[in-house]
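J.: Model the structure of this input:
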Amino acid sequence: MTLLALPTHDRGITTLTLDSPANRNALSAALVGELSTALDACAADDTVRAVVLTHTGNTFCAGADLTAPPDPHALVALMRQIVALPKPVVARVTGHVRAGGLGLLGACDISAAGPEASFALTESRLGLAPAVISLPLLPRIDPRAAARYYLTGERFDAAEAARIGLITLAAEDVDKDLAPVLDGLRKASPQGLAASKKLVTATVLESFDQHAEDLIARSAALFASAEAREGMTAFLERRDPAWVL
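T.: Numbering: from 1, shown residues only. Predicted coordinates:
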């Protein structure tokens with residue numbers, strides 16, 4: 001069973017679609033592997049000018065699959081792969097994004113979300129922290145907003161996501177608003193796109209190179225803790241964890 005739909009290609013734009021609605025496109029080891037392979041294929045294909053990353057169902061990505069979580073090194077490698085891909089990656093979001101799913105958005109170059117979209121960094125409510133996904137997020141989002149949403153786990157909408165720099169566009173009609181963006185990418189030369197992307201991703205890649213191993217270690221320690229086990233168990237059992245007042 002594949003967790004990505006078959007890629008589609010339209011005038012230089014290849015669309016990769018997360019297609020595991022049964023678990024809300026959660027980041028399992030299998031999905032991370034499939035997406036990485038598909039991105040490698042896009043990087044090697046001269047007919048691909050840019051990549052659109054989208055989803056089926058009402059959730060773009062629910063974060064890590066708590067029943068089959070990816071190795072944190074693999075998740076970090078996937079996010080870095082998106083950032084370093086010599087072709088722009090555009091996120092098209094028409095549903096909910098939670099936890100690790102925000103790491104995918106942070107890694108993308110351009111992103112648009114519709115009125116159905118909602119966002120939340122829910123890790124603190126599970127006894128965890130947005131550790132490895134901080135690598136693409138913290139260089140790009142407003143520091144005060146990061147403090148609020150990292151700590152509280154509050155839900156916010158597309159307009160707020162655009163205000164804080166998480167996404168590029170809060171759209172009433174995602175496809176209509178993305179059309180001029182994709183047309184602009186089609187008009188750019190492959191060399192021009194690759195060189196321009198290097199300029200705007202340099203600080204994000206520095207974050208990976210300087211902090212990845214430390215954040216992977218922090219993430220592993222948190223996942224192994226008793227408090228996180230309680231938080232994840234409570235989440236799967238749909239009850240409040242022991243610390244809720």
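
J.: Could you pull out the buried residues of the helix or strand L78 falls within?
T.: In this assignment (DSSP states H and E), L78 forms part of helix 72-84. Residues 72, 75-76, 78-83 are the ones in helix 72-84 that count as buried (16 or more other CB atoms under 10 Å). The way it works is simple: take the backbone N, C-alpha and C, and place the C-beta from them, glycine included.

J.: how much distance is there from it to the middle of the chain?
T.: Relative to its chain's centre, helix 72-84 lies at 10 Å (CA atoms, centre = their mean, to the nearest Å).

J.: Give me the nearest residue to the residue nearest in space to the middle of the chain, chain neighbours excluded.
T.: The centroid of the chain falls nearest to L104 when counting by CA atoms, centre = their mean (1.4 Å). Spatially, and ignoring its direct neighbours in sequence, L104 is nearest to C61 (5.9 Å; CB to CB, 6 or more residues apart in numbering).

J.: give me every residue that touches that neighbour.
T.: By CB atoms under 8 Å, 6 or more residues apart in numbering, the contact set of C61 is 18, 24-27, 55, 97-98, 100-101, 104.

J.: now L222
T.: 127-129, 131, 228.

J.: Mind putting the residues you listed into TSV with neighbour count?
T.: Compiled in TSV, the contacts of L222 are given as follows (neighbours: other CB atoms under 10 Å):
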residue	neighbour count
G127	21
L128	21
A129	18
A131	22
A228	18
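
J.: which one among these gets closest to A159?
T.: A129 (25.9 Å; CB to CB).

J.: On the pLDDT front, check the spatially closest residue to the closest one that is not a sequence neighbour for me.
T.: What sits nearest to A129 in space, not counting adjacent residues and going by CB to CB, 6+ apart, is E123, at 5.3 Å. E123 carries a pLDDT value of 97.

J.: Helices of this protein, residue ranges please.
T.: Using DSSP state H, the helices of the chain run over residues 29-44, 72-84, 100-107, 134-137, 143-152, 158-163, 174-187, 190-223, 226-236.

J.: The third one: how far from the chain's middle?
T.: I take that to be helix 100-107. With CA atoms, centre = their mean, you get 2 Å for helix 100-107.

J.: Provide a list of residues in contact with A159.
T.: A159 neighbours (CB under 8 Å, 6+ apart): A170.

J.: oh sorry, the question was meant for T203
T.: Residues near T203 by CB under 8 Å, 6+ apart: P139.

J.: Would you mind confirming that G100 is in contact with F60?
T.: No - taking contacts as CB atoms under 8 Å, G100 lies outside contact range of F60: 11.1 Å.

J.: Which one's more surrounded, these two?
T.: Ranked by neighbour count (other CB atoms under 10 Å), G100 and F60 place F60 first, with 29 against 25.

J.: So for the more buried one, what's the pLDDT?
T.: Reported pLDDT for F60: 98.

J.: wait, it sits on A117?
T.: Yes - proximity of F60 to A117 meets the contact threshold set by CB under 8 Å, at 7.4 Å.

J.: Which neighbours do these two have in common?
T.: Common neighbours of F60 and A117 (CB under 8 Å, 6+ apart) are 93-97.

J.: could you dump those to CSV with pLDDT, distance to T8 and neighbour count?
T.: Converted to CSV, the shared contacts of F60 and A117 look like this (pLDDT from 0 to 100; distance: CB to CB, whole Å; neighbours: other CB atoms under 10 Å):
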residue, pLDDT, distance to T8, neighbour count
V93, 98, 17, 30
T94, 98, 16, 21
G95, 97, 19, 22
H96, 98, 23, 21
V97, 98, 22, 30
